[in-house]
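**Q** starting from these lines, generate the structure:
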Amino acid sequence: MKKIVFVLLLVFTVSLSVTSCKGEKKEPTKKEVATKLYQCPMDCEKGKSYTEPGKCPVCNMDLKEKTAEAKHEHKEGDNHDH
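**A** Modelled structure (predicted):
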């Protein structure tokens, strides 16, 4: 009986250490994976974006990679009156 308990405790300890090592190799979730988005620099389609580079179907300009900063906000120093 003591041997069975010892073996079960040993198996549990080994499996716990193996699973804790796997936790260090965290796979990125879908939200963490950066998906590149492309958009017309003239915003012909009112914010529509594409997952692959190409040409705008409206004005035929090359689509540009959309960044997190590429919002319609005026930064300090912009001299645009709206």
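
**Q** show me the contacts for the residue nearest to K55 when sequence neighbours are not counted.
**A** In this structure, K55 finds its nearest non-sequential neighbour in D62, 6.1 Å apart by C-beta to C-beta, 6 or more residues apart in numbering. (Glycine included, C-beta is placed from N, CA and C.) If you count contacts by C-beta atoms under 8 Å, 6 or more residues apart in numbering, D62 has them with 53-56.

**Q** from Y50, how far off is D62?
**A** Here D62 is placed at a distance of 12 Å from Y50 (C-beta to C-beta, to the nearest Å).

**Q** and for T35?
**A** According to C-beta to C-beta, T35 stands 11 Å off from Y50.

**Q** buried subset of the contacts of D62 as a ChimeraX selection?
**A** In ChimeraX, the members of the contacts of D62 classed as buried (16 or more other C-beta atoms under 10 Å) are selected with the following command:
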select :56
